[in-house]
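> fold the following and give me the result.
(2 chains)
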There are 2 protein chains.
Amino acid sequence: MSITQQFDNVTLNTQANVYFDGKCVSHGFTLADGTRKSVGVILPARLTFNTGAPEIMECVAGACRVRLPGEDAWRSIAAGESFSVPGDASFDIEVDGEPFHYICHFG
Amino acid sequence: MSITQQFDNVTLNTQANVYFDGKCVSHGFTLADGTRKSVGVILPARLTFNTGAPEIMECVAGACRVRLPGEDAWRSIAAGESFSVPGDASFDIEVDGEPFHYICHFG
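Prediction:
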């Protein structure tokens, strides 16, 4: 799969979002059509995230394992791969070794 | 001083730069005129950075203390304030409590 290496013509927020004592750091940005996204990093950890809106998480570097809502099994996600999470749900993510770099697409 | 809250019409790199085991995470971006900058976060730590090009570090949230090349004293930097570092130099930065959010202007 191809990897999204950059976004053109965006408005970038300079202040980051810092979650889990810095285990997850992201910067929000907005496309020209108003679509909001974020780019971020998750450091080695096992974390549980809660979604508001549905999300598609696209891995651009590194890797993770993820356990999606209602699933018992963990699946592996590598660079170029994505996973989808429904809104108002929670999911587990585990990063081991190298940081996991992602794009979060909302909605 | 005013705080730069966003940059418009930029090209954003989706992969982050991760330094010091994640104590510093930044995302690079490019302005329409080709100028390169980055936005980043430093988590609570005392770190020594080495510059290539000269840098101006602008604090957009949080705070830090910094000891610049050739100086013995530490100075405090708050949101809306900046400090300059020459190229090919090193400086010490200490973040305590809340993360330090910054824009790095090169050159």
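
> so what pLDDT did the residue nearest to residue A:87 when sequence neighbours are not counted get?
Closest residue to residue A:87 in three dimensions, ignoring its sequence neighbours and counting by CB to CB, 6 or more residues apart in numbering or on different chains: residue A:54, at 4.4 Å. Yep, even glycine has a C-beta here, placed from its N, CA and C like the rest. You'll see residue A:54 listed with a pLDDT of 97.

> now for residue A:54: which residues touch it?
A:84, A:85, A:86, A:87, A:106, A:107 (CB atoms under 8 Å, 6 or more residues apart in numbering or on different chains).

> same list, those, but as TSV with pLDDT please.
As requested, those are exported to TSV (pLDDT from 0 to 100):
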residue	pLDDT
A:84	97
A:85	97
A:86	96
A:87	97
A:106	92
A:107	76
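
> between the strand or helix carrying residue A:38 and strand B:36-42, how many degrees?
Residue A:38 belongs to strand A:36-42 when assigned by DSSP states H and E. If you take axes from the mean of the first three to the mean of the last three CA atoms, to 10 degrees, strand A:36-42 sits at 60 degrees to strand B:36-42.

> before we move on, the earlier item: tell me which of the contacts of residue A:54 fall in strands.
Judged by DSSP state E, strands contain the following of the contacts of residue A:54: A:84, A:85, A:106.

> most surrounded residue in these?
Using other CB atoms under 10 Å in any protein chain shown as the neighbour test, those are led by residue A:85, with 20 neighbours.

> isn't that one right up against residue A:57?
Yes - Residue A:85 is within contact range of residue A:57, at 7.0 Å (criterion: CB atoms under 8 Å).

> returning to that earlier point: partners of the strand holding residue A:38 in the sheet?
Sheet pairing for strand A:36-42, assigned by DSSP bridges, gives strand A:24-30 (antiparallel), strand A:100-106 (antiparallel).

> so which bits of that strand are buried?
Across strand A:36-42, burial judged by 16 or more other CB atoms under 10 Å in any protein chain shown covers A:37, A:38, A:39, A:40, A:41, A:42.

> related to what we said a few turns ago, shared neighbours, residue A:85 and residue A:57?
Common neighbours of residue A:85 and residue A:57 (CB under 8 Å, 6+ apart) do not exist.

> where does chain A dip in pLDDT?
A:1 (pLDDT under 70).
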